[in-house]
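*Asks:* Sharing a model that was predicted from the sequence below.
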Amino acid sequence: MSMADRDGAIWRDGELVPWREASCHFLSYTLHYGFGVFEGVRAYETAAQGACIFRLADHTRRLLESAHILGIDVRWSQAELEQAQCQVVRANGLSESYLRPMCMLGVPENPHGMGLRAENLPCHTVIAAWEWPRYMDADAAERGIRVHTSSFIRHHVNAALCRTKGNGYYINSVLALREARANGFDEALLLDPEGFVAEGTGENLFLVRDGVLHTPESTFCLAGITRDTVIQLAREEGIEVRERRISRDEVYIADEAFLTGTAAEVVPICESDRRRIGTGKAGKITQHLQELYLQQVRGQRSNHPEWLSPVAD
């Protein structure tokens, strides 16, 4: 069944509309130029509070900050958008779900508006939620994935505003992932414009070396919320974390490596550019952080109760 042909509801500009009626015009500005922002958010089932959205406030703040950076005027407050996301999950009767809030520019009033000025355009905000249990293959979280260093690089900070989760910025991620999969790999690693490892196509990278956790600094990559979660969990467990530049050959000789992201969660890397990483399986620190993360999002730990926002009224 097509994603367009589903039961349920999507939040659009302050009201719930039937899923099949949630469409936009072909002349919508964001459709032509990719000039919009979005988020990826997850809700998990918890024993104590039912469905809860993980780090809802942080995701919503990043959405609004992304819009502000691009000069997109969103008329909804953070509190209103947080409530709307809970409303969408409830309306679709979902216990666990992936949410996609997006702020997009609509149809201009006259032909001149289809140019690059991006002036006086209506901003529409939409939120959809659906079941999406795994982003990677079902067994990737256990066996690990194979990654390929892409020929496509991450954006330069003056070519694109890297702290923005902008729609059009993901064209190079799509190209990098297609290239990797065409060559028999599961995922791609993108280098930054100076040749250091930046991130995956939609995930942040971590390495383990001699018991220390290393991750690229966030100059050229998106400052991921899952990345921040893992850093905090690691430090609370007494694991040293260093944010620094990482060269691609350091990936090859790491004891362990893994990717993090809202959709991907925590996924071990077993091989990079046909070089085995560590033992070729998920390492102990990776497994431990993976377990802690899944416990955290499902409300099975007492730490950071503020990270869980119950969906129920």
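*Replies:* Yes, it's here.

*Asks:* distance of Tyr245 from Ala180?
*Replies:* Small correction: residue 245 is Arg, not Tyr. 22 Å (CB to CB, to the nearest Å). All C-beta atoms are positioned from the backbone trio N, CA, C, and that covers glycine.

*Asks:* neighbour count winner among the two?
*Replies:* Using other CB atoms under 10 Å, the more surrounded residue of Arg245 and Ala180 is Ala180, with 23 against 16.

*Asks:* what residues are up against the more buried one?
*Replies:* Val147, His148, Ser150, Asp186, Glu187, Ala188, Thr201 (CB atoms under 8 Å, 6 or more residues apart in numbering).

*Asks:* what's the spacing between the helix or strand encompassing the first one and its chain's center?
*Replies:* Per DSSP states H and E, Val147 falls inside strand 145-149. In terms of CA atoms, centre = their mean, to the nearest Å, the gap separating the centre of strand 145-149 from the centre of its chain is 18 Å.

*Asks:* Same question for that strand: list its buried residues.
*Replies:* Residues of strand 145-149 classed as buried: Ile145, Arg146, Val147, His148, Thr149 (neighbour count, 16 or more other CB atoms under 10 Å).

*Asks:* now the helices for the protein?
*Replies:* Per DSSP state H, the chain carries helices over the ranges 29-33, 56-70, 78-91, 140-143, 171-182, 225-236, 248-252, 284-297.

*Asks:* Show me the contact partners of the shortest one.
*Replies:* With contacts defined as CB under 8 Å, 6+ apart, helix 140-143 is touched by Arg134, Asp186, Glu265, Val266, Val267, Pro268, Cys270, Lys281, Ala282, Gln290.

*Asks:* I'd like to know which of these are buried.
*Replies:* Asp186, Glu265, Val266, Val267, Pro268, Cys270, Ala282, Gln290.

*Asks:* Going by distance to Leu81, which of the contacts of Ala180 wins?
*Replies:* Closest approach between the contacts of Ala180 and Leu81, by CB to CB: Thr201, at 26.1 Å.

*Asks:* Can you tell me how far the nearest residue to the closest one once chain neighbours are set aside is from Gly261?
*Replies:* Nearest residue to Thr201, sequence neighbours excluded (CB to CB, 6 or more residues apart in numbering): Ser173, at 4.0 Å. Relative to Gly261, Ser173 is positioned 11 Å away (CB to CB).

*Asks:* can you list residues touching both of the two?
*Replies:* Common contacts of Ser173 and Gly261 (CB under 8 Å, 6+ apart): Gly202.

*Asks:* I'd like the helices of the chain laid out as JSON lines, including distance to Ala22 and mean pLDDT.
*Replies:* Conversion of those to JSON lines gives the following (distance: least, CB to CB, whole Å; pLDDT from 0 to 100):
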{"stretch": "helix 29-33", "distance to Ala22": "14", "mean pLDDT": "95"}
{"stretch": "helix 56-70", "distance to Ala22": "18", "mean pLDDT": "97"}
{"stretch": "helix 78-91", "distance to Ala22": "11", "mean pLDDT": "98"}
{"stretch": "helix 140-143", "distance to Ala22": "31", "mean pLDDT": "82"}
{"stretch": "helix 171-182", "distance to Ala22": "23", "mean pLDDT": "97"}
{"stretch": "helix 225-236", "distance to Ala22": "26", "mean pLDDT": "98"}
{"stretch": "helix 248-252", "distance to Ala22": "41", "mean pLDDT": "97"}
{"stretch": "helix 284-297", "distance to Ala22": "27", "mean pLDDT": "97"}
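
*Asks:* Any chance of a markdown table for these, columns distance to Arg276?
*Replies:* Output for the helices of the chain, formatted as a markdown table (distance: least, CB to CB, whole Å):
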| stretch | distance to Arg276 |
| --- | --- |
| helix 29-33 | 42 |
| helix 56-70 | 35 |
| helix 78-91 | 41 |
| helix 140-143 | 13 |
| helix 171-182 | 17 |
| helix 225-236 | 23 |
| helix 248-252 | 9 |
| helix 284-297 | 15 |
